[in-house]
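> Just the structure for this:
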Amino acid sequence: MRYRKLGSTGLDVSVIGLGTWQFGGEWGHDFSQPEVDAILDEAAEQGINLIDTAECYGDHLSERLIGDYLARRDRSRWIVATKFGHRFHSFMSRTDDFSIDGMRLQLEASLRALRVEAIDIYQFHSGPDGSFRNEALWRALEEYKRAGKIRHLGISILGKGSEAQARDARAVGAEVLQVIYNRLDRRPEQLYFPHAQRDRLGILARVPLASGLLSGAYARGAAFPAGDYRSTVDPAKLQLDLEQVERLRESEVPPGVPMAQWALSWCLENPAVSAVIPGCKNPAQVRSNAAAG
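Okay, the predicted model is just below:
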């Protein structure tokens, strides 16, 4: 496994991290604690040291599964990133709450769920620019940093994008940007990476496999069952993306190279990217992802 500095944080992160939205139950499977333990044990075996989760992957469910694991393992070997700003209600149903009181409640709930004294990277979670520009919110977050409950601040930029949040990240005290970046979505190269390189911001590339489409496991015409997040994606866009995946497989993926490993390595070829954080459903997928690192 290779490691890179995460911006100005001083943290050495594995270039392959572990995304854990799937643990929240919105990817067609309800994970048990033994399943999560096996995935995280394999990640540790492969040299992965970065876990990314969030308050609304279930109602702190992903965090609780990770926290149970951390309570029985060596916490010090893991860099744990989580987020705030949303309240989970049910499958794909959330409400925004970027208020100071809401952040405080979410932070304390995340600390309890993760069973940690401090969160290594605490991220503003896909919020609008209006909420981002609340200076009092960032002052409150700095207070929690001084109190030792947060080590570093980050911004997980919402899917439709916000160049303003990347441009002003350093001004609010953030050191990390989390962005959607993959071979099907290269917008960050223009929107975010120049700001990150100027201000020494670490980049975590989420959805590096385009929600599994770049894994090579799905062909044109694929559909996803109810209970899987991908069943909520616009069907026309899904099919267009799958057609693009087939073209990439034919024109860019070297013979004999698993498409998922190629897709992760493609992201990491950009020096602005500190780490990719693909999800996985079992230890075998962890091993396959780790091979790209």
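> from here on, contacts and neighbour counts on C-alpha atoms
Noted.
> so what secondary structure elements neighbour the helix or strand harbouring residue 138?
Using DSSP states H and E, residue 138 falls within helix 135-146. Applying 3 or more C-alpha pairs under 8 Å, 6 or more residues apart in numbering; DSSP states H and E, we find helix 135-146 packed against helix 100-114, strand 150-156.
> can you pull the buried residues of stretch 229-236?
Within stretch 229-236, the residues scored as buried using 16 or more other C-alpha atoms under 10 Å are 229-230.
> what does stretch 198-210 give?
Neighbour-count burial for stretch 198-210, counted by 16+ other C-alpha under 10 Å, picks out 199-210.
> and what of stretch 257-269?
Buried residues in stretch 257-269, counted by 16+ other C-alpha under 10 Å: 258-265, 267-268.
> Identify all contacting residues around stretch 138-152.
With contact meaning C-alpha atoms under 8 Å, 6 or more residues apart in numbering, stretch 138-152 is reached by 9, 100, 117-122, 172-175.
> So residue 269 versus residue 52, what's the distance?
Taking C-alpha to C-alpha, to the nearest Å as the measure, residue 269 falls 21 Å from residue 52.
> and if you look at residue 154?
The gap separating residue 154 from residue 52 is 12 Å, by C-alpha to C-alpha.
> same deal with residue 165?
Taking C-alpha to C-alpha as the measure, residue 165 and residue 52 are separated by 20 Å.
> The helix holding residue 138: which residues count as buried?
Neighbour counts over helix 135-146 (16+ other C-alpha under 10 Å) mark 137-138, 141-142, 144-145 as buried.
> Out of the contacts of stretch 138-152, give me the two with the largest separation.
Comparing all pairs in the contacts of stretch 138-152 by C-alpha to C-alpha, the longest separation belongs to 9 and 100, at 24.2 Å.
> Now render the buried residues of stretch 257-269 as TSV, adding pLDDT, secondary structure and distance to residue 283.
Putting the buried residues of stretch 257-269 into TSV (pLDDT from 0 to 100; DSSP: H, G, I helix; E, B strand; the rest coil; distance: C-alpha to C-alpha, whole Å) gives the following:
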residue	pLDDT	secondary structure	distance to residue 283
258	94	coil	16
259	95	helix	18
260	94	helix	15
261	95	helix	15
262	97	helix	19
263	97	helix	19
264	97	helix	17
265	97	helix	19
267	98	helix	22
268	98	helix	22
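> Rebuild these as TSV, extending it with distance to residue 1.
Listed next are the buried residues of stretch 257-269 as TSV, based on distance: C-alpha to C-alpha, whole Å:
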residue	distance to residue 1
258	18
259	19
260	16
261	13
262	16
263	17
264	13
265	12
267	16
268	13
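> all strands of the stretch 101-250 of the chain, in order?
119-125, 150-156, 174-180, 202-206 (DSSP state E, counting those that start in this stretch).
> can you list these in TSV and add mean pLDDT?
What follows is those, written out as TSV (pLDDT from 0 to 100):
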stretch	mean pLDDT
strand 119-125	98
strand 150-156	98
strand 174-180	98
strand 202-206	98
